[in-house]
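Chemist: Quick one, fold the following:
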Amino acid sequence: MEFEGQYLTKKEYTDLGGSQIEETPFNILEFEARRRIDIRTQNRLKGTETTDVPQEVKLCEFNIIENIRAFNTSKKDAQLSGNVTSVNTDGYSESYLNATQIKDLFNSNEDAIKKIIYTYLVEVEFNDKYLIFDGRDNVNK
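Modeler: I've put the predicted structure just below:
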């Protein structure tokens, strides 16, 4: 499968200190991070050559990928443990994640990604427009 239009290449990801990861898993994570950026920026970067992508976008995508990896790891660990949150051996009891707690974890991760995008991309201009429109007009500075 060919992945085109990346904002951050695997080499750039590694150069920024990203974990060693195979090409295909990286491409999937990069695509997921790029889609989140595209949705929030209303596709203002779509079709941009990798070399023309602003540094803030590359750093933003790096942090989103790291967030997604950490979330996926914690989700996998929870699944391997059977969603056990605590064990008491004195009289033996176990507590498990319930559906609300799982939903809260997912929502908390989504909020973290939105904060990353806002932190890195608010007030960043690309082609004479802010990447994230927050009600201000920057055309007539």
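Chemist: Mind giving me the packing neighbours of the helix ranked longest in the chain?
Modeler: If each helix of the chain is counted by residues according to DSSP state H, the longest one is helix 55-80. Counting contacts by 3 or more CB pairs under 8 Å, 6 or more residues apart in numbering; DSSP states H and E, helix 55-80 is packed against helix 10-15, helix 23-40, helix 99-121. (C-beta placed from N, C-alpha, C; glycine too.)
Chemist: By mean pLDDT, show me the worst of the ones you listed.
Modeler: The minimum mean pLDDT among the helices and strands packed on helix 55-80 belongs to helix 99-121 (a mean of 81).
Chemist: Next secondary structure element downstream of it?
Modeler: Following helix 99-121 in sequence order, the next helix or strand is strand 125-126 (DSSP states H and E).
Chemist: Tell me how far that next one lies from the chain's centre.
Modeler: Relative to its chain's centre, strand 125-126 lies at 20 Å (CA atoms, centre = their mean, to the nearest Å).
Chemist: ok, that strand: who's next to it in the sheet?
Modeler: Partners of strand 125-126 in the sheet, by DSSP bridges, are strand 129-130 (antiparallel).
Chemist: rewinding a little: and among the helices and strands packed on helix 55-80, the most buried is which?
Modeler: Highest mean neighbour count among those (mean count of other CB atoms under 10 Å): helix 23-40, with a mean of 17.
Chemist: which outside residues touch that helix?
Modeler: Residues outside helix 23-40 that contact it (CB atoms under 8 Å, 6 or more residues apart in numbering) are 1, 3, 5-8, 10, 13, 21, 45-46, 57, 60-61, 64-65, 68-69, 113-114, 117-118, 121, 132.
Chemist: now the residues you listed: which count as buried?
Modeler: Those of these that meet the buried threshold are 6-8, 10, 13, 21, 45, 57, 60-61, 64-65, 68-69, 113, 117, 121, 132, by 16 or more other CB atoms under 10 Å.
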